[in-house]
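> mind folding the following:
(chains A, B, C and D)
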Protein chains: 2
Amino acid sequence: MMPSSTLSVSQPKVEQSALSDLEVEAIEMFINFLRLIGLPKSVGEIYGLLFVATQPLPMDEIIERLGISLGAASQGLKLLRSFGAVRVTYSPGDRRDHYVADLELSRFATAFIKEELQPRIDRAVERIERMEHSLADLPAKERRITEERIARLKHWLDKGQKILPWIVRFMKL
Amino acid sequence: MMPSSTLSVSQPKVEQSALSDLEVEAIEMFINFLRLIGLPKSVGEIYGLLFVATQPLPMDEIIERLGISLGAASQGLKLLRSFGAVRVTYSPGDRRDHYVADLELSRFATAFIKEELQPRIDRAVERIERMEHSLADLPAKERRITEERIARLKHWLDKGQKILPWIVRFMKL
DNA sequence: ATGAGTTTTCATTTTTTCTTGAACTTTCTG
DNA sequence: CAGAAAGTTCAAGAAAAAATGAAAACTCAT
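Reported below is the predicted structural model:
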């Protein structure tokens, strides 16, 4: 039995040096987890590759090894850089930027909280205020019921707000 | 100034009794939060409507008020039922099922953890095992580096596994 | 059993999201 | 300073996800 890592069987569009089994596992793993927080496949691929790379990789090598486009690579790296999941290293005698994964995975969690979760919570708080204004329009019976529901929402948002910093702290340990 | 809640200005395809401001706020809020855990807009709409409804609603009323399709309503309700976010109530003298929102929002969190997060963690654990096997193929220097990375992944998965039950418990308070 | 009312299913269409690649900008080198 | 290399941007195409609606399946009252 031939090791699955050595060469791809069907001719790939662009020649791409095959990924090792280990790299494939890492990449698939990050595709899965990062998709969970709404990041596209290509971003997962890039981070996965960099996470197990033993040395900084220039963009064209990332493109070639993953078989993704220039645009996807550029945008993906930009995004990963934007929340510190990837850093640029200088490589003497080479004009290309070289990329290294920051191994601190908590960055993804904090970026997700800051960019996705917190804004929604903020908007929800405003919504609840508006909902409370609308209460006045309701007949007494419905108002009572609805007040209780709104109270429940507030309770939940409160709880969310309280637990978030705690989670962030736990992550960074 | 006319209250925006009374009637929609442009003729909707199907007649739909307008949603109140309060309902719109609730619906948009749930669309936003449920999207975060990968649920489609229609599911957020349905749950939002039911969350502020002061009485059980039959499916055709949900369809009519939200202006969504039969299929979306049926599937959305099925999904919401499947993790206990919505329950069916019996309404005497009416053949239609009537739906009520379960107000315990933690159900969404636990469903998300059980159906999305935990399976990925489990697959990741398997992947890591395979990655450890692959380590043998690497030259000593790279092996050392990679071992450290894998250790880090394990550490993270461990941490995730440990915090999850805690979060679930906190949610249910 | 029949049929009207209700609900589910699923192939198709629509919408949204992601990727591509070519044009453009920037940056370095000789 | 010209030209080539590297990187960015974005309109258009491809892929993935969600919504639609018609047909099938169920369910009850007669």
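
> assumed residue A:96 was part of a strand.
No - counting by DSSP: H, G, I helix; E, B strand; the rest coil, residue A:96 is not part of a strand but coil.

> quick one, what contacts the closest residue in space to it that isn't next to it in sequence?
Leaving aside its sequence neighbours, residue A:96 sits nearest to residue A:58 (CB to CB, 6 or more residues apart in numbering or on different chains; 3.9 Å). C-beta coordinates here come from the backbone N, C-alpha and C atoms, glycine included. By CB atoms under 8 Å, 6 or more residues apart in numbering or on different chains, the contact set of residue A:58 is A:91, A:94, A:96-99.

> where does residue A:58 land on pLDDT?
Residue A:58 carries a pLDDT value of 97.

> can you pull up the bridge partners for it?
Judged by DSSP bridges, the bridge partners of residue A:58 are residue A:98.

> what angle separates whichever helix in chain A runs longest from helix B:140-172?
With secondary structure taken from DSSP state H, chain A has its longest helix at helix A:140-172. Helix A:140-172 and helix B:140-172 are oriented at 160 degrees to each other (axes from the mean of the first three to the mean of the last three CA atoms, to 10 degrees).

> can you give me the distance of the residue of chain A found nearest DNA strand C to residue A:115?
Proximity to DNA strand C, evaluated over chain A using CB to the nearest atom of the strand, is greatest for residue A:71 at 2.0 Å. Residue A:71 sits 22 Å away from residue A:115, going by CB to CB, to the nearest Å.

> same check on residue A:62?
24 Å.

> likewise residue A:46?
Residue A:46 is 18 Å from residue A:115, by CB to CB.

> give me the buried positions along the strand or helix carrying residue A:77.
If you go by DSSP states H and E, residue A:77 is part of helix A:70-82. If you call a residue buried by 16 or more other CB atoms under 10 Å in any protein chain shown, then helix A:70-82 has these buried ones: A:72-73, A:76-77, A:79-80.

> mean confidence for it?
Rounded mean pLDDT across helix A:70-82 is 97.

> whatever helix or strand comes next after that helix and DNA strand D in contact?
As assigned by DSSP H and E, the chain's next helix or strand after helix A:70-82 is strand A:86-89. No - using CB under 7 Å from any atom of the strand, strand A:86-89 stays clear of DNA strand D, coming no nearer than 7.8 Å.

> what comes up buried for strand A:86-89?
Neighbour-count burial for strand A:86-89 [16+ other CB under 10 Å]: residue A:86.

> what packs against that strand?
helix A:41-52, helix A:70-82, strand A:98-101 (3 or more CB pairs under 8 Å, 6 or more residues apart in numbering or on different chains; DSSP states H and E).

> in JSON lines, list these along with distance to residue B:35.
Formatted as JSON lines, the helices and strands packed on strand A:86-89 follow (distance: least, CB to CB, whole Å):
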{"stretch": "helix A:41-52", "distance to residue B:35": "19"}
{"stretch": "helix A:70-82", "distance to residue B:35": "19"}
{"stretch": "strand A:98-101", "distance to residue B:35": "28"}
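
> tell me which of the ones you listed sits nearest to residue A:150.
The closest of the helices and strands packed on strand A:86-89 to residue A:150 is helix A:70-82. By CB to CB, the value is 36.1 Å.

> low-confidence ranges, chain A, go.
A:1-16 (pLDDT under 70).

> mind running it again at 90?
Along chain A, the parts satisfying pLDDT under 90 run over A:1-18, A:91-93, A:167-168, A:170-173.

> close to DNA strand D: what parts of it are there?
A:58-60, A:70-71, A:74-75, A:77-78, A:94-97.

> repeat the analysis, applying 6 Å as the threshold.
A:58-60, A:70-71, A:74-75, A:77-78, A:95-97 (CB under 6 Å from any atom of the strand).

> neighbours around residue A:123, how many?
13 (other CB atoms under 10 Å in any protein chain shown).

> just the element for the closest residue to it other than its chain neighbours, please.
Nearest residue to residue A:123, sequence neighbours excluded (CB to CB, 6+ apart): residue B:32, at 7.0 Å. Assigned by DSSP H and E, residue B:32 belongs to helix B:21-36.

> is any residue of that helix near DNA strand C?
No - Helix B:21-36 is not in contact with DNA strand C by CB under 6 Å from any atom of the strand; minimum separation 7.9 Å.

> picking that back up, quick one, what contacts the residue nearest to residue A:123?
A:120, A:123-124, B:44.

> show me the contacts for residue A:131.
Neighbours of residue A:131 in contact, by CB under 8 Å, 6+ apart: A:150, B:22, B:25-26.

> what about 6 Å?
A:150, B:22, B:25 (CB atoms under 6 Å, 6 or more residues apart in numbering or on different chains).

> which parts of chain A sit against chain B?
A:21-22, A:25, A:29, A:32, A:52, A:54, A:103, A:105, A:120, A:124, A:127, A:130-131, A:134, A:142, A:145, A:149, A:152, A:156 (CB under 6 Å from any CB of the partner chain).

> of these, grab the buried ones for ChimeraX.
Restricted to buried positions by 16+ other CB under 10 Å, the ChimeraX selection for the residues of chain A next to chain B reads:
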select /A:21,22,25,29,32,52,105,120,124,127,131,134,142,149,156
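
> hang on, the earlier thing: could you dump the helix holding residue A:77 to CSV, C-alpha only?
The C-alpha trace of helix A:70-82 is given here as CSV (Å, rounded to 0.1, in the frame of the first residue of the first chain):
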residue,chain,number,x,y,z
LEU,A,70,-3.7,34.8,-5.2
GLY,A,71,-6.7,36.7,-4.1
ALA,A,72,-7.9,34.2,-1.5
ALA,A,73,-4.4,34.0,-0.1
SER,A,74,-3.9,37.7,0.1
GLN,A,75,-7.3,38.3,1.7
GLY,A,76,-7.0,35.4,4.0
LEU,A,77,-3.6,36.4,5.3
LYS,A,78,-4.8,40.0,5.7
LEU,A,79,-7.7,38.8,7.8
LEU,A,80,-5.5,36.5,9.9
ARG,A,81,-3.1,39.3,10.4
SER,A,82,-5.9,41.6,11.4
